[in-house]
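**Student:** test case, fold it:
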Amino acid sequence: MTSIEVAINQGKCKIKSSNHSLDISVRKWIQDESIYILTLIFDKLLTSDNFNNEQKMNYYCNMILTHRKTQFLNFIYYNRNDLSKSHYGKSMIMTDQDQNGSHMKDLVANLIQYKWSNLLKHDYIEVFITPILKITKDNYVIPFYSTPEFE
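**Tutor:** Have a look, this model is predicted:
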């Protein structure tokens, strides 16, 4: 599998993923609002050392920053109640389980930590984790979430 693809069924609050066609329940944070999934592909290696300069040049980082409302960007979230005032209740990171996917998760977390560090105190980031490999015999299934775990 080269990517995770999802179909959103808002009526049932479910996300259907293309890998193994599993249904994962989604908690609705804001009443009757659509679920927005922003697809990102990072083409530059961003580290904490070059993040400030490189993120300005990176189209995808700028896309995250412009999709957030000004109120969201300038507001300091001291507690969970403050976070409920924003349009976005949480961000879910969905990537492949290979090294590139792990790198993308780190980049998104780095962006949020750099721009809105208070959000990390309020469990703002959720990560969608799928097994990289499953071994099945009869009804017995062993999932492996990383290559070292499998080895």
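
**Student:** give me the contacts around stretch 143-151.
**Tutor:** For stretch 143-151, contacts defined as CB atoms under 8 Å, 6 or more residues apart in numbering pick out Q97, I129, T130, P131, I132, L133, K134, I135. Using the backbone N, CA and C atoms, a C-beta is placed for each residue, glycine as well.

**Student:** grab the nearest non-local neighbour of the first one.
**Tutor:** The reference is to Q97. With sequence-adjacent residues excluded and distances taken as CB to CB, 6 or more residues apart in numbering, Q97 is closest to I132, at 4.1 Å.

**Student:** I'd say the one you found and T95 touch.
**Tutor:** No - counting by CB atoms under 8 Å, I132 stays clear of T95, with 11.5 Å between them.

**Student:** which one of these two has more residues nearby?
**Tutor:** Set side by side, I132 and T95 show more neighbours around T95, with 21 against 18, by other CB atoms under 10 Å.

**Student:** quick one, phi psi at the more buried one?
**Tutor:** Note on T95: backbone dihedrals following degrees, to the nearest 10 are phi -140, psi 170.

**Student:** contacting residues for it?
**Tutor:** Applying CB under 8 Å, 6+ apart, the residues near T95 are I4, G101, S102, M104, K105, F128.

**Student:** that one: what's its closest spatial neighbour, skipping adjacent residues?
**Tutor:** G101 (3.4 Å).

**Student:** return the alpha-carbon coordinates of stretch 104-113 using CSV.
**Tutor:** Output in CSV follows, covering the C-alpha atoms of stretch 104-113 (Å, rounded to 0.1, in the frame of the first residue of the first chain):
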residue,chain,number,x,y,z
MET,A,104,5.7,13.4,7.9
LYS,A,105,4.2,12.8,11.3
ASP,A,106,7.2,14.4,12.8
LEU,A,107,7.0,17.4,10.5
VAL,A,108,3.4,18.1,11.3
ALA,A,109,4.0,17.7,15.1
ASN,A,110,7.1,20.0,14.7
LEU,A,111,4.9,22.6,12.9
ILE,A,112,2.3,22.6,15.6
GLN,A,113,4.9,22.6,18.4
